[in-house]
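**Q** What follows is a predicted structure for the sequence shown.
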Amino acid sequence: MKKLIQPIALAAILAASGAVQAQVVLKLGYATSATSHYGVGSTAFCDEMEKGTQGRYKCQQFPSSALGGEREQIEAVQLGTQDIVNTSTGPLGNFVPEVKIVDIPFLFRDYDHARKVMDGPIGQDLQKKMEAKGLINLAWTENGFRHMTNSKRAINQASDASGLKMRTMENKVHMDGYKTFGILPTPMAFPELFTALQQGTVDGQENPIPVILASKFSQVQKHLSLTGHVYSPAALIISPAVWNKLSAADKAVFTAAAKKGAAAQRKKVNDDENTGIAQLKSEGMLVVEKVNGESFRKAVAPAYAAFAKEMGADKIAAIQAVK
Ligand code: EAX
């Protein structure tokens, strides 16, 4: 009997002393499915955070845009009606203008370059700018390099993209950049995209391989071109309404958990990049793997003058200089 009584007595003492807290359930949302890179990253974060707080905090995940488009979710996190969002930077520049710089086409050379910039002083400075706007970015996660799909024709070079009506994110930097390719950009929230492709409202779209896979775009798009025309960072953002109530120790737990989440999300992006092309081919897509990247870079070069004017030539150069 003694053995049974002891834990109960201990619980009673802890409860009386206020040491036992009710469990806080945090609502975390993202655009794609639970098995996608966003789901993998979010789950790694949640598991670690729950463990590190001895279960005082846990997540309830809302995949597949269940809480709305990314712009709506960022807004809700800022307001405190949603606790956490794992989102691309697509609509983020509308809240924090300084972040727009990372959405410039052909700014990052490859994944190593992008991740080094986002995790280094430049990325950390952007996190501070976000904090000032009521968006606590726990870690830069990742969406991936974006590639074009469409239902009309193979894109081998920029001139092939010219005249195509393509859905873009609600992101002016992307839209200005893509116009130089001759694309007719049509901004649209992600949850509307599949139907728009299916009904032919737009000819195409552009997204990283993990998104194309998870969203089954092979069902509604014939052509995929590995244009890699822009890097799409993502962020794990928590509401100040939650953050400001955390103890310093819990903040450290959340931050460390977010780092693990980001690492898991990036690994899933790598894995999808490695195996996804073959899968998309087997699902019937025609893939142009060797795109004339120079034709796209040449087209967008004149737009860099406007980007430099808005975002600072020195700031762009500083990103390019990271080795
Ligand atoms: O963040 O809107 C988009 O195209 C994003 O890449 C997608 O929602 C994942």
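**A** Perfect, thanks for sending it. What you see is a predicted model; the values in this text were computed from it and never measured. Residues are numbered from 1 along each chain as shown.

**Q** which SSE is the residue lying closest to Leu213 once chain neighbours are set aside in?
**A** With sequence-adjacent residues excluded and distances taken as Cβ to Cβ, 6 or more residues apart in numbering, Leu213 is closest to Gly276, at 5.1 Å. Just so you know, the C-beta spots here come from the backbone N, C-alpha and C atoms, and that holds for glycine as well. Using DSSP states H and E, Gly276 falls within helix 248-282.

**Q** Tell me which residues of the next helix or strand after that helix come out buried.
**A** Using DSSP H and E, the next helix or strand after helix 248-282 towards the C-terminus is strand 286-288. Across strand 286-288, burial judged by 16 or more other Cβ atoms under 10 Å covers Val288.

**Q** ok, then the element right after strand 286-288?
**A** helix 293-300.

**Q** Name the residues of this structure found near the ligand, please.
**A** Ala31, Thr32, Glu70, Ser88, Gly90, Asn143, Met169, Phe190, Asn207, Val211, Ser232 (Cβ under 6 Å from any ligand atom).

**Q** Farthest pair within those?
**A** Greatest spatial distance among the residues of the chain next to the ligand (Cβ to Cβ): Thr32 and Met169, at 13.7 Å.

**Q** Comparing the two, which residue is more hemmed in?
**A** Met169 (30 against 22; other Cβ atoms under 10 Å).

**Q** distance of that one from Phe190?
**A** 8 Å (Cβ to Cβ, to the nearest Å).

**Q** what touches both of those two?
**A** Glu70, Gly90 (Cβ atoms under 8 Å, 6 or more residues apart in numbering).

**Q** give me the number of residues near the nearest residue to Tyr38 once chain neighbours are set aside?
**A** Leaving aside its chain neighbours, Tyr38 sits nearest to Tyr30 (3.9 Å; criterion: Cβ to Cβ, 6+ apart). Neighbourhood size, Tyr30 [other Cβ under 10 Å]: 29.

**Q** Tyr30 touches Gly39, doesn't it?
**A** Yes: assessed by Cβ atoms under 8 Å, Tyr30 is found in contact with Gly39 at 7.1 Å.

**Q** all helices of this structure, in order?
**A** Counting by DSSP state H, the chain has helices at residues 2-17, 37-52, 70-79, 111-119, 121-132, 158-161, 172-179, 193-199, 209-214, 240-243, 248-282, 293-300, 303-311, 313-321.
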